[in-house]
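Colleague: heads up, no residue letters with this:
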């Protein structure tokens, strides 16, 4: 946990946890073979539902 989290309210901390859960969900969906477009759309939706405004939520290849 970052020391910067001390500046967040309890509600903001809970919303911030959505980022980690969303990233884990993206990883799991990728390993399950889900389509990239669906994974990205679901991630954006999850973040927006938590009142987070992501610039992007995309999958990229590690090597490229």
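Modeller: Good, I have the coordinates. Since we're looking at a predicted model, the values are computed, not measured.

Colleague: packing partners of the lengthiest helix in the chain?
Modeller: For the chain, the helix with the greatest residue count under DSSP state H is helix 10-31. Secondary-structure packing of helix 10-31 (3 or more CB pairs under 8 Å, 6 or more residues apart in numbering; DSSP states H and E): helix 36-49. For the C-beta atoms, the positions are set from N, CA and C on the backbone; glycine is no exception.

Colleague: chain center to the helix it packs on, what's the gap?
Modeller: Helix 36-49 sits 8 Å away from the centroid of its parent chain (CA atoms, centre = their mean, to the nearest Å).

Colleague: what is the burial count for residue 39?
Modeller: 20 (other CB atoms under 10 Å).

Colleague: my read is that it contacts residue 24, right?
Modeller: No - with contact taken as CB atoms under 8 Å, residue 39 and residue 24 are classed as non-touching, separated by 11.9 Å.

Colleague: before we move on, back to that, who's in contact with the longest helix of the chain?
Modeller: Residues from elsewhere that reach helix 10-31 (CB atoms under 8 Å, 6 or more residues apart in numbering): 5, 8, 36, 38-40, 42-43, 46-47, 50-52, 57, 59.
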